[in-house]
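# When you get a sec, could you give me coordinates for this:
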Amino acid sequence: MKKMVIGIASQQAIRARALAIARGDHQPRPNEPRIWFTSMRSLAEVLSDDNRALLRVIREQKPESLSQLAAFTGRAPSNLSRTLKTMERYGLVEMQRELKTVRPVAKASEFVIKAA
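Predicted structure coming up:
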């Protein structure tokens, strides 16, 4: 697994950065954040202790489906699905669809947080 760099900045700063990249005025460096949050609170909600433990289970157990992950964690499938969709939106998890099942894959094992 790799380190994932996460940035914290205001919505205006995130938008200005995205526009500068789109215009070609800014070329992102490899060590710059690719995932952005607008506050430490929103970051803490997504990377809570429970969610980091969930990522660890996904990395170590490599579940073949959401139901298997639910069995590993003891969490309800509906709750798990909602959490994983949020984490997928931020790029922390990839949901690989295979026929009638969905297999979660953790995208990072370590996080570096940079606050602007």
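# ok, which stretches of this protein are strands?
3-8, 35-37, 93-98, 101-106, 110-115 (DSSP state E).
# closest to Arg52 out of the ones you listed?
strand 110-115 (8.5 Å; CB to CB). The C-beta positions use only the backbone N, C-alpha and C, and glycine is treated the same way.
# Residues contacting the closest one, please?
Applying CB atoms under 8 Å, 6 or more residues apart in numbering, the contact partners of strand 110-115 are 1-9, 33, 40, 43, 47.
# What residues sit buried inside it?
Neighbour counts over strand 110-115 (16 or more other CB atoms under 10 Å) mark no residue as buried.
# re earlier: out of the strands of the chain, deepest packed?
Most buried of the strands of the chain by mean neighbour count (mean count of other CB atoms under 10 Å) is strand 35-37; its value is a mean of 20.
# Make JSON lines from the strands of the chain and add distance to Thr73 to it.
As requested, those are exported to JSON lines (distance: least, CB to CB, whole Å):
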{"stretch": "strand 3-8", "distance to Thr73": "21"}
{"stretch": "strand 35-37", "distance to Thr73": "23"}
{"stretch": "strand 93-98", "distance to Thr73": "14"}
{"stretch": "strand 101-106", "distance to Thr73": "11"}
{"stretch": "strand 110-115", "distance to Thr73": "20"}
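# contacting residues around the residue nearest to the spatial centre of the chain?
Computing the C-alpha centroid of the chain and ranking residues by CA atoms, centre = their mean puts Leu92 first, at 2.1 Å. Leu92 makes contacts with Met4, Ile35, Val46, Leu47, Leu55, Ala106, Lys107, Ala108, as judged by CB under 8 Å, 6+ apart.
# out of the strands of the chain, nearest to Lys85?
Comparing the strands of the chain by CB to CB, strand 93-98 comes nearest, at 7.8 Å.
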